[in-house]
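S.K.: With the sequence up front, the predicted model follows.
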Amino acid sequence: MKTIHGMKIVDAKKPLEVVIKPGDVRRAGVQDPAKCAAAQALCRDPNITEARVHISRAYVRRKGTQVWERYQTPLQLRTGIVAFDKGATKAFDVDNSFILMPARPATGKQQGTKKGQNVKRGPKEKRTYILTHIRPNANCEFDLPKGK
């Protein structure tokens with residue numbers, strides 16, 4: 001089971017709204033999920049102790065709990081994070097509002113087609129885009145058991 005600083009991660013139950021204000025953007029740090037403008041905005045809520053906003057996931061720790069709640073980062077927020085980490089000064093407009101949806105629980109089933117299934121494929125050439133100079137993905141936060 002993945003943990004952050006020894007605390008368990010659970011899927012959130014309800015959506016969470018985050019409103020980014022100009023003060024959050026001024027206090028924000030580049031390429032740091034804990035100092036992201038969205039994390040600063042979440043921490044303004046008196047019930048939230050700590051928040052980390054990554055490219056695809058957001059983790060929130062509420063006051064009085066020893067667990068992190070996992071949310072999906074919405075596409076619009078992701079775009080703003082990438083622009084901010086790349087140096088855009090106007091990555092977030094005034095009073096941007098985003099809804100963090102609970103992360104979908106893992107099904108444990110493999111996605112895609114089964115072996116031996118006849119699938120028509122298009123051209124083999126596929127372009128891969130790698131985003132550079134942005135915050136690391138959430139896997140760097142996890143406390144993984146040794147040997148894995």
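M.R.: All right, it came through fine.
S.K.: how about the closest residue to Q40 other than its chain neighbours, secondary structure?
M.R.: Nearest residue to Q40, sequence neighbours excluded (C-beta to C-beta, 6 or more residues apart in numbering): D24, at 4.1 Å. Using the backbone N, CA and C atoms, a C-beta is placed for each residue, glycine as well. Following DSSP: H, G, I helix; E, B strand; the rest coil, we place D24 in the helix state.
S.K.: what sits against D24?
M.R.: Going by C-beta atoms under 8 Å, 6 or more residues apart in numbering, D24 touches A37, A38, Q40, A41, R44.
S.K.: Give me the subset of these that lies in helices.
M.R.: A37, A38, Q40, A41 (DSSP state H).
S.K.: Kindly state the pLDDT recorded for the residue nearest to Q40?
M.R.: D24 is assigned 89 on the pLDDT scale.
S.K.: For the protein, which segments count as helices?
M.R.: All helices of the chain, identified by DSSP H, fall at 22-27, 37-43, 75-85.
S.K.: Give me the packing partners of the longest one, helices and strands only.
M.R.: It stands for helix 75-85. Contacts defined by 3 or more C-beta pairs under 8 Å, 6 or more residues apart in numbering; DSSP states H and E place helix 75-85 against helix 37-43, strand 96-102.
S.K.: To G87, which of those lies closest?
M.R.: Closest approach to G87 among those is made by helix 37-43 (13.8 Å; C-beta to C-beta).
S.K.: which residues touch that closest one?
M.R.: 16, 18-21, 23-25, 27-28, 33, 48-53, 58, 60, 77, 80-81, 84, 91-92, 98.
S.K.: On the strand side of things, show who the residue nearest the centre of the chain bridges to.
M.R.: The chain has R57 as the residue nearest its centroid, 2.2 Å off, counting by C-alpha atoms, centre = their mean. Judged by DSSP bridges, the bridge partners of R57 are Q72.
S.K.: so how far is T79 from it?
M.R.: The gap separating R57 from T79 is 16 Å, by C-beta to C-beta, to the nearest Å.
S.K.: And for R135?
M.R.: Distance from R135 to T79, by C-beta to C-beta: 14 Å.
S.K.: what ranges do the strands span in this structure?
M.R.: 3-4, 7-11, 16-20, 48-53, 57-62, 67-72, 96-102 (DSSP state E).
S.K.: Mean pLDDT for those strands - can I get that in CSV?
M.R.: CSV is the format used below for the strands of the chain (pLDDT from 0 to 100):
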stretch, mean pLDDT
strand 3-4, 86
strand 7-11, 92
strand 16-20, 94
strand 48-53, 95
strand 57-62, 95
strand 67-72, 94
strand 96-102, 92
